[in-house]
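> What follows is a predicted protein model with its sequence.
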Amino acid sequence: MPYYGTLSGGGGEGSGTNDHRLLVGRADANQHPAAAISVSPIPLFGRDALPAQEVLEKLAEHAVARILAVTAIETIPGHRAVTVAANGRAYLASSANTSLRGIAGISGAAAHAGGTIPIVTAGVLAGSWEFTPGVVYLGRSGLLTQKPEMTGGWLYAVGFALSPSLLLVRPDAAPVWMG
């Protein structure tokens, strides 16, 4: 289980230090819970502070992705937005699909029709994208875009680009139809 938290006033009462860091780490289930968390500090303020982008990348290293494995109805390329039909099978999501009921996540790899596809439903996914940090939307045929269509489709955020190649997958719970 991951641990995320903050630490401030590291020197104690009246010590004069102001140690602001973000602690990130992972617990190892094979160890005793008291000894199971490995923690590494990330300086947020002061002379040792890291740039915001580097903090995001360090957080991404420790993020836990949730993955769902389902059977593909059609051939699905890697790193595309997918949805799951009532029969439990995956297919490409599309901003132009008027009957789209939601996005399950982003395909973690490619799969042929009838094959098992891993779908990242939440967490950080690395890809060969060239994103600018910011919101990423559903496009047509499962493509991810930072320039959503403003007419004739769903305005559906699928996540947030942390860097050009890192996507925090977090599908929008309330997309808007841009008829």
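Done, it's in. None of the values given here were measured: they were computed from a predicted structure. Residues are numbered from 1 along each chain as shown.

> Let's see the pLDDT reported for the residue lying closest to residue 138 once chain neighbours are set aside.
If the residues on either side of it in the chain are set aside, residue 138 comes closest to residue 156, at 4.1 Å by C-beta to C-beta, 6 or more residues apart in numbering. For glycine as for every other residue, the C-beta is placed from the backbone atoms N, C-alpha and C. Predicted confidence (pLDDT) for residue 156: 92.

> show me what contacts residue 156?
93, 95, 100, 103, 137, 138, 148, 171, 172, 175, 176 (C-beta atoms under 8 Å, 6 or more residues apart in numbering).

> Which of these fall in strands?
In strands, defined here by DSSP state E, the members of the contacts of residue 156 are 137, 138, 176.

> Helices along the chain, start to end?
Listed in chain order, the helices found in the chain under DSSP state H are 52-62.

> biggest strand in it by residues?
For the chain, the strand with the greatest residue count under DSSP E is strand 116-126.

> how about the strands in the protein?
2-7, 21-27, 37-43, 66-72, 81-84, 89-92, 105-107, 116-126, 134-138, 144-145, 154-155, 157-163, 166-169, 176-177.

> Any chance of a markdown table for those strands, columns mean neighbour count?
Putting those into a markdown table (neighbours: other C-beta atoms under 10 Å) gives the following:
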| stretch | mean neighbour count |
| --- | --- |
| strand 2-7 | 11 |
| strand 21-27 | 17 |
| strand 37-43 | 14 |
| strand 66-72 | 15 |
| strand 81-84 | 24 |
| strand 89-92 | 20 |
| strand 105-107 | 26 |
| strand 116-126 | 19 |
| strand 134-138 | 20 |
| strand 144-145 | 17 |
| strand 154-155 | 20 |
| strand 157-163 | 21 |
| strand 166-169 | 22 |
| strand 176-177 | 12 |
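
> Next, the distance between the ends of stretch 74-87.
Chord length of stretch 74-87, first to last residue, is 14 Å (C-alpha to C-alpha, to the nearest Å).

> So what touches it?
68, 70, 73, 90-93, 100-113, 117, 119, 125, 127-129, 138-139, 141-144, 158, 171.
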